[in-house]
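J.: Give me a 3D structure for the following:
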Amino acid sequence: MKKGIIIASIIVVITPIVKVIFTVKKCRRQRKKAIAFFHPYTNTDGGGERVLWCSVKGIQELSPDLDCVVYTGDPDASPETLTARAVDRFGVTLPYPPKVVHLYKRKWIDDTTYPRFTLIGRCLGSVYLSWEAFCKLVPIYYFDTSGHAFTFPIAKLFGCKVICYIHYPTITLDMLSGGKAPTPLMYDNDPEVAESIMPSRYKVLYYTFLSWLYGKVGSCADVAMVNSSWTRAHINKLWRIPNRTFRVYPPCDTTELQELPLERSAVPPKIISVAPFRPEKAHNLKLEAFALVIKSLDLSLPMPILQFVGSCQNEAEERRLQKLKDRAIELKVDDHVEFYKNVARNEVVQFLGGAIAGLHAMTDEHFGISIVEYMAAGAIPIAHNSAGPKTDIISTEDGIQVGYLARYVEEYADAMLQVIWMPENERLEMAAAARQRATRFSAQRFYRHYKAVVQRVLCHSKD
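T.: Predicted coordinates:
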């Protein structure tokens, strides 16, 4: 009887292992001459999606013999719709449509799936999702463009070379010292945990364990690209592969924007905010700062207009937008605030061409593509005094200030007032310097640096 139980237990344990080994061997034999991009959400309108399409284009130009495949969880995605989206939303024209592999287990990387332990839940969920991806198609090269480092060991298991572009570290060094979640999560942290000492201590242990895991899986990358000096510092500390980690600034749409005239009407002065209606973008801070500006101005003068331009991808973001509109009414500035949702790229360009200043307020923004777009368009940037904007973007050009850094409501209000009151010749001088600095982050520079890094893996594999 006992012997039978032992044999049955061994069979129960061994059977799934054998199935995994058999599946991996079978899929590896069917490996395609392709590079597959792991990007489960291809409808976000953010900088991450821009990097995806520029990355696809770069590979198609560099190695046209490789099939480009996109792993996506969007059910309506097709080669034609994704190609059209790349052009319509980001102005990226692909040489030919990418192939599409649909993923149906995307919910396992959704924050809402994990009310508690969201971070580790999403990490493990990405492993499950990548397993689905590789069971459908195994490429020679696996390219993660959405920050799912826990998929790297699975890609290695299936025999892939791993390339990644990191926008924001899953674990940051701040989390290890104070238990603070990364920026996208800090707005949703349980207040009981944030205010209690003991849970916070446990949270530091939790993050320390995760950081160790994150370092192990991240080190599986054959080559890693990061979008800023701030991101590189974190990744080098955690992954410890500095010889395989390269800073490649994200592609910013500067060519079209730089054609906009720097001289523009300032009656009324228009201030713009281009950002998805998500909590980390801190729209309320911008609105409250603008309310202080309105209170500070003489009512006999033309009042400035604040334009919120952004995307809403789900009901939560729709509710957030409505709350923002309600807040504008409470602050009595609704007559001076305009909201534009899910507008086409050409309309965004028109808005940028009429603005004298652009607002950015995300804490620890890894880079800040919107800031560069403000600069290229001739709108004076007012950005959060942290991370990418502070270390890489807002500086001087030929000794001329190119924008403002702020952290608190009052600082944002002061910066907006400075731009509004600035003499036209001084504004034009600053706008010209900002436009010149924006060329450092152009798509052309991205493609040049990106191809140089990717070739390290492509050439190595051919040897």
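J.: you'd agree Lys161 is up against Phe143?
T.: No - using Cβ atoms under 8 Å, Lys161 makes no contact with Phe143, being 9.2 Å away. (Each C-beta comes from the backbone N, C-alpha and C, glycine too.)
J.: Look at these two and report which has more neighbours.
T.: Higher neighbour count among Lys161 and Phe143: Phe143, with 29 against 19, using other Cβ atoms under 10 Å.
J.: Make sure the more buried one is indeed in a helix.
T.: No - going by DSSP: H, G, I helix; E, B strand; the rest coil, the assignment for Phe143 is strand, not a helix.
J.: Make sure it is actually in contact with Ile163.
T.: Yes - using Cβ under 8 Å, Phe143 is in contact with Ile163, at 4.6 Å.
J.: okay, and the common contacts of the two?
T.: Common contacts of Phe143 and Ile163 (Cβ atoms under 8 Å, 6 or more residues apart in numbering): Ile35.
J.: Just the terminal-to-terminal distance for stretch 157-175.
T.: Counting by Cα to Cα, to the nearest Å, you get 30 Å between the two ends of stretch 157-175.
J.: Okay, buried residues for it please.
T.: 157-172, 174-175 (16 or more other Cβ atoms under 10 Å).
J.: How many neighbouring residues does Asp110 have?
T.: By other Cβ under 10 Å, neighbour count at Asp110 equals 15.
J.: Only C-alpha atoms, please: export stretch 309-316 in PDB.
T.: Extracted C-alpha coordinates of stretch 309-316, given in PDB (Å, rounded to 0.1, in the frame of the first residue of the first chain):
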ATOM      1  CA  VAL A 309      -4.900  66.200 -24.200                       C
ATOM      2  CA  GLY A 310      -4.800  62.500 -23.500                       C
ATOM      3  CA  SER A 311      -6.100  59.000 -24.000                       C
ATOM      4  CA  CYS A 312      -8.700  57.000 -22.100                       C
ATOM      5  CA  GLN A 313      -8.300  53.300 -22.500                       C
ATOM      6  CA  ASN A 314     -10.700  51.900 -19.900                       C
ATOM      7  CA  GLU A 315     -13.600  52.800 -17.600                       C
ATOM      8  CA  ALA A 316     -11.200  53.800 -14.700                       C
END
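J.: Give me the mean pLDDT for that stretch.
T.: Averaged across stretch 309-316, the pLDDT comes to 88.
J.: ok, now stretch 110-121?
T.: With pLDDT averaged residue by residue, stretch 110-121 scores 87.
J.: From Ile171, how far out is the nearest residue to Ile109 once chain neighbours are set aside?
T.: Closest residue in space to Ile109, ignoring its immediate chain neighbours: Gly125 at 4.6 Å, by Cβ to Cβ, 6 or more residues apart in numbering. To Ile171, Gly125 is 16 Å away according to Cβ to Cβ, to the nearest Å.
J.: how does the protein divide into domains?
T.: 23-251+444-462, 257-441 (automatic domain parsing).
J.: which of those has the lowest average pLDDT?
T.: Among the domains of the chain, domain 23-251+444-462 scores lowest, with a mean of 87.
J.: and that domain, how far from the chain's centre?
T.: 10 Å (Cα atoms, centre = their mean, to the nearest Å).
J.: can you give me the helices in the stretch 201-350 of the chain?
T.: Using DSSP state H, counting those that start in this stretch, the helices of the stretch 201-350 of the chain run over 229-239, 283-296, 315-330, 345-353.
J.: do the stretch 351-463 of the chain as well
T.: Using DSSP H, counting those that start in this stretch, helices in the stretch 351-463 of the chain cover 369-377, 387-388, 409-421, 424-438, 443-462.
J.: Of all those, which one is nearest Pro139?
T.: Across the helices of the stretch 351-463 of the chain, Pro139 has its closest neighbour in helix 443-462 (11.6 Å, Cβ to Cβ).
J.: re the thing from before, thought the residue nearest to Ile109 was touching Thr113?
T.: Yes - Gly125 lies in contact with Thr113 (Cβ under 8 Å); the separation is 6.8 Å.
J.: Would you mind telling me which of those two has more residues around it?
T.: Neighbours were counted for Gly125 and for Thr113 using other Cβ under 10 Å; Gly125 has more, 21 against 13.
J.: excluding its backbone neighbours, what's nearest Gly403?
T.: Counting by Cβ to Cβ, 6+ apart, the residue nearest Gly403 is Pro381, at 3.8 Å.
J.: now the one you found: how far from Met430?
T.: 10 Å.
J.: Now for these two: what residues contact both?
T.: With Cβ under 8 Å, 6+ apart, Pro381 and Met430 have common neighbours Val402, Gly403.
J.: Looking at these two, which is more packed in?
T.: Legend: neighbour count by other Cβ under 10 Å for Pro381 and Met430, higher for Pro381 (30 against 23).
J.: give me the beta-bridge partners of that one?
T.: Gly358 (DSSP bridges).
J.: residues in contact with it?
T.: So, once contact is read as Cβ under 8 Å, 6+ apart, Pro381 ends up touching 357-358, 360, 371, 374-375, 389, 393-394, 402-404, 434.
J.: at 6 Å what do you get?
T.: Gly358, Ile371, Tyr374, Met375, Gly403 (Cβ atoms under 6 Å, 6 or more residues apart in numbering).
J.: What spatial separation is found between Trp53 and Gly353?
T.: 23 Å.
J.: neighbour count winner among the two?
T.: Each of Trp53 and Gly353 has its neighbours counted (other Cβ under 10 Å); Trp53 has more, 27 against 18.
J.: three-state assignment of that one?
T.: Classification of Trp53 by three-state DSSP places it in helix.
J.: how close does the nearest residue to Thr72 once chain neighbours are set aside sit to Thr113?
T.: Distances taken as Cβ to Cβ, 6+ apart place Thr42 nearest to Thr72, at 4.6 Å, with adjacent residues excluded. Note on Thr42: its distance to Thr113, by Cβ to Cβ, is 19 Å.
J.: ditto for Leu306
T.: From Leu306 to Thr113 the distance is 36 Å (Cβ to Cβ).
J.: Arg31 and Ile400: what is the separation?
T.: On the measure of Cβ to Cβ, Arg31 and Ile400 end up 53 Å apart.
J.: what sits against Thr145?
T.: Neighbours of Thr145 in contact, by Cβ under 6 Å, 6+ apart: Phe37, His39, Val51, Leu52, Ser55, Tyr165.
J.: what's the burial count for the second one?
T.: By that I understand His39. His39: 25 neighbours (other Cβ under 10 Å).
J.: What residues of stretch 335-353 count as buried?
T.: Buried residues in stretch 335-353, counted by 16+ other Cβ under 10 Å: His336, Val337, Phe339, Val348, Val349, Phe351, Leu352, Gly353.
J.: Arg264: which of the residues you listed is nearest?
T.: Using Cβ to Cβ, these come closest to Arg264 at Gly353, 6.9 Å.
J.: pretty sure the closest one is touching Glu259, no?
T.: No - in this structure Gly353 lies outside contact range of Glu259 using Cβ atoms under 6 Å: 9.2 Å.
J.: intersection of neighbour lists for these two?
T.: With Cβ under 6 Å, 6+ apart as the test, Gly353 and Glu259 reach no residue in common.
J.: Just say helix, strand or coil for Pro115.
T.: What three-state DSSP gives for Pro115 is coil.
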